[in-house]
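> I'd like to go over a predicted model; first the sequence, then the structure.
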Amino acid sequence: MFEARLANGKTLKDIIESIKDLVNDANLDCSEEGISIQCMDSSHVSLVSISLAANAFDHYRCDRPLSLGLNSANMAKIFKMMGKDDSVVLKAEDEPDNLTMMFENDKTDTIADFELKLMDIDNEQLGIPDTPYKCTIQMPAGEFQRIIRDLQVLGDACTISCTKEGIRFTVSGSIGTGNILIRAHDAEKEENSVKIEMEEPVELSFALRYLNFFTKATPLSAQVVLCMSPEVPIVVDYPIEDTGFVKFYLAPKIDEGDEEE
Amino acid sequence: MFEARLANGKTLKDIIESIKDLVNDANLDCSEEGISIQCMDSSHVSLVSISLAANAFDHYRCDRPLSLGLNSANMAKIFKMMGKDDSVVLKAEDEPDNLTMMFENDKTDTIADFELKLMDIDNEQLGIPDTPYKCTIQMPAGEFQRIIRDLQVLGDACTISCTKEGIRFTVSGSIGTGNILIRAHDAEKEENSVKIEMEEPVELSFALRYLNFFTKATPLSAQVVLCMSPEVPIVVDYPIEDTGFVKFYLAPKIDEGDEEE
Amino acid sequence: MFEARLANGKTLKDIIESIKDLVNDANLDCSEEGISIQCMDSSHVSLVSISLAANAFDHYRCDRPLSLGLNSANMAKIFKMMGKDDSVVLKAEDEPDNLTMMFENDKTDTIADFELKLMDIDNEQLGIPDTPYKCTIQMPAGEFQRIIRDLQVLGDACTISCTKEGIRFTVSGSIGTGNILIRAHDAEKEENSVKIEMEEPVELSFALRYLNFFTKATPLSAQVVLCMSPEVPIVVDYPIEDTGFVKFYLAPKIDEGDEEE
């Protein structure tokens, strides 16, 4: 028996929304510690790791570990029906065919419950690196989203370089070249600050298409954390308060001439 | 000679907007008592009945009964040009080829007048039942609209069941099953209340596609009234203050396996 | 060396936005006096004339006259990346391959710079008439935009007639006929007034498709100025404070039966 209640259902909705265009099917792993998802995107280019601890929930019970095979687009469709102030309950039997999703709203005296069909998904074992990084950048998530979206009009690949001066995004394409430099600075509002921790400068290139997918997680966090080291995947980390995260991993482009479609 | 002036032109605009996707051509019947439309939708599945009494207008004159054959999409196109605070005048001769629609705005010193071409439409005699219903539900029109729109992602048909407990909408489809239960309750704002008058419980199934068409009338009324009895068409009634209504009638699905497209 | 800085970058963005659907490639002519563009639209039907004086800029330097051959859609794409409070710097060498566009924002400590590729464009010599007009109409630019957009649902061509009474827009098409009359009047807010200076009444017909293109310049000016004389092109003039303008010229339709597109 698995049962978890979140008063602010929007967090769960935003988590699923953040991966539904990137990932088709994924296992939602439920254990005593909380819920998590780890999977490759549907074209096996990037990696998604999601975690929400048991103490993030108002009520949490998981008698024994469960893997719930979900279609993320279908789950997102059901979350679309959630009112903005609804609480969410997730529920499953021990050998479940369905995940029960309940949305409750005291104000409108409405209870909606949905049975989402589950499926069997092969459990890939994913080796997620847990190494220290040479550069760690904290910046407003909305700013990062805007930059990635904007730069796509210029080209397919973006070079991100981090120096003491700041973080620079560079794209080059048929209509011209663009550079956006954001300097580390403290803003009045903590969440508007840009912070750089750096051991050595790093410069890596990435497919903008995937970075753009990752920014669907923007509603989850005021700040995004980018972790980079030479020749290893970037981590694009959206922390969910102190109780969870949505992290994306993307390998850098080795050959600059090798463009993603 | 027919001439009718409505200071708040938006009501007439919303009426036409509410049926333009459902009904192609319809007769606007004008008499001393007011204006009305009664017709089947273009696929002859549901029935529309509209009425606006003479006393709803600031000025109303109709010397003898007239049937004005309108194309609702064309009329809606002309209403699109109405400014949001404009008054509307409808005018027609006794044997009219055109309906004159005038929009006036004192603030911008603008007068727009349009001649909408009329056509001959066969007058269908529609037998609209006027029977008491076993269940009458009053609920916020916006809430009803949201439920009907949302449930369409799950399937094509919706079962509406009314009990003392409340009103329940159920849909079942390939990705899963959904239930939305709204309990009768009094809200602080009268228009947010849900009221159920019930002689006996009723459960009927309907094509969501048509219910969704009906909810285009939502801007006309804070509350929608649903009237149901076993084996007869549901009435989805949008009252327009005390002077009129837009009502839709839809027969229940007899065989649950018989799916509308 | 050409360098020009505008604290309110939005004006330059709006100028390019106003012509990007109408004009593909155009020369941006830079001289000591300021910058200007003069060109035909891509189907050689209408004419565009833009001017922004050197004193409109916070900083302006142009050592010798330059013609910068731009693709307006590409330039608009780069302007899309401008934040709403950014300042803009335009910069070019004396024999430039690129135009440098810089967007700066002190608040977010962001600098974005773009290199837009230039091209050679034949300099057409355009004879722009500089004659007095029989009618000059000043009206709210937003009102003009709404009328032109709305009337397109009725037909392709619009007759604009200016009399002492006011300015009248007439369209006739398959679903009916429309007339919009705006009377000259003084409004409380100067920018909402409608003013007509008239030597003699003028009535001319134009392709709505082109008038609609012109209204893309609406964000630049609170008021649009229409200048008309019999048998000569209308001028649709969007003044930019006292330092510039975007003007469009369109020849009237000679034969009313001769429909565009």
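On my side now, so go ahead. Numbers count the residues shown, from 1 in each chain, chains lettered A, B, ... in the order given.
> for residue A:78, what are its contacts?
Counting by C-beta atoms under 8 Å, 6 or more residues apart in numbering or on different chains, residue A:78 makes contact with A:101, A:114, A:116, B:153-154, B:175-176, B:178. For every residue, glycine as well, the C-beta is placed using N, CA and C.
> mind running it again at 10 Å?
A:13, A:16, A:99, A:101, A:103, A:112, A:114-116, B:150, B:153-154, B:175-176, B:178 (C-beta atoms under 10 Å, 6 or more residues apart in numbering or on different chains).
> now residue A:56
Contacts of residue A:56 by C-beta under 10 Å, 6+ apart are A:4, A:6, A:8, A:11-12, A:34-35, A:240-244.
> rerun at 6 Å
Listed by C-beta atoms under 6 Å, 6 or more residues apart in numbering or on different chains, the contact set of residue A:56 reads A:243-244.
> How about residue A:161?
A:168, A:203.
> For beta bridges, what are the partners of it?
Assessed by DSSP bridges, residue A:161 has beta-bridge partners residue A:168, residue A:203.
> three-state assignment of residue A:122?
coil (DSSP: H, G, I helix; E, B strand; the rest coil).
> separation between it and residue A:67?
Distance, residue A:122 to residue A:67, using C-beta to C-beta, to the nearest Å: 10 Å.
> out of the two, which sits in the more crowded spot?
Per other C-beta atoms under 10 Å in any protein chain shown, whichever of residue A:122 and residue A:67 has more neighbours is residue A:67, with 16 against 7.
> how close does that one get to residue A:37?
Taking C-beta to C-beta, one finds residue A:67 at 10 Å from residue A:37.
> next one: residue A:74
15 Å.
> okay, how far is it across stretch A:85-105, tip to tip?
7 Å (C-alpha to C-alpha, to the nearest Å).
> for chain A, what spans make up the helices?
A:10-19, A:72-79, A:141-151, A:208-214 (DSSP state H).
> I'd like those helices as TSV, with distance to residue C:164 and mean pLDDT appended.
TSV is the format used below for these (distance: least, C-beta to C-beta, whole Å; pLDDT from 0 to 100):
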stretch	distance to residue C:164	mean pLDDT
helix A:10-19	60	96
helix A:72-79	61	96
helix A:141-151	51	96
helix A:208-214	58	97
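> Now tabulate those helices in TSV and tack on distance to residue A:44.
Shown next, in TSV, are the helices of chain A (distance: least, C-beta to C-beta, whole Å):
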stretch	distance to residue A:44
helix A:10-19	15
helix A:72-79	16
helix A:141-151	21
helix A:208-214	12
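> Among the ones you listed, which comes closest to residue A:87?
For these, the distance to residue A:87 is smallest for helix A:10-19, at 10.0 Å, taking C-beta to C-beta.
> and that closest one, how far out from the chain's middle?
Relative to the mean C-alpha coordinate of its chain, helix A:10-19 is positioned 9 Å out (C-alpha atoms, centre = their mean, to the nearest Å).
> What lies in contact with that helix?
A:6, A:48, A:72, A:75-76, A:79, A:82, A:88, A:216-217, A:219-220, A:246.
> now with 7 Å?
Helix A:10-19 has contacts (C-beta atoms under 7 Å, 6 or more residues apart in numbering or on different chains) with A:6, A:48, A:50, A:72, A:75-76, A:79, A:82, A:84, A:88, A:216-217, A:219-220, A:240, A:246.
> out of the helices of chain A, which comes closest to residue A:194?
Closest to residue A:194 of those is helix A:141-151 (C-beta to C-beta; 8.1 Å).
> For that closest one, could you pull out the residues that count as buried?
A:141-148, A:150-151 (16 or more other C-beta atoms under 10 Å in any protein chain shown).
> Keep only those of those residues that are also close to chain B.
Among those, not one lies near chain B by C-beta under 7 Å from any C-beta of the partner chain.
> Residues of chain A that sit close to chain B?
Counting by C-beta under 7 Å from any C-beta, chain A sits next to chain B at A:74, A:77, A:80-81, A:98, A:108-117.
> In strands only, show me the residues you listed.
Of the residues of chain A next to chain B, the ones assigned to strands by DSSP state E are A:98, A:110-117.
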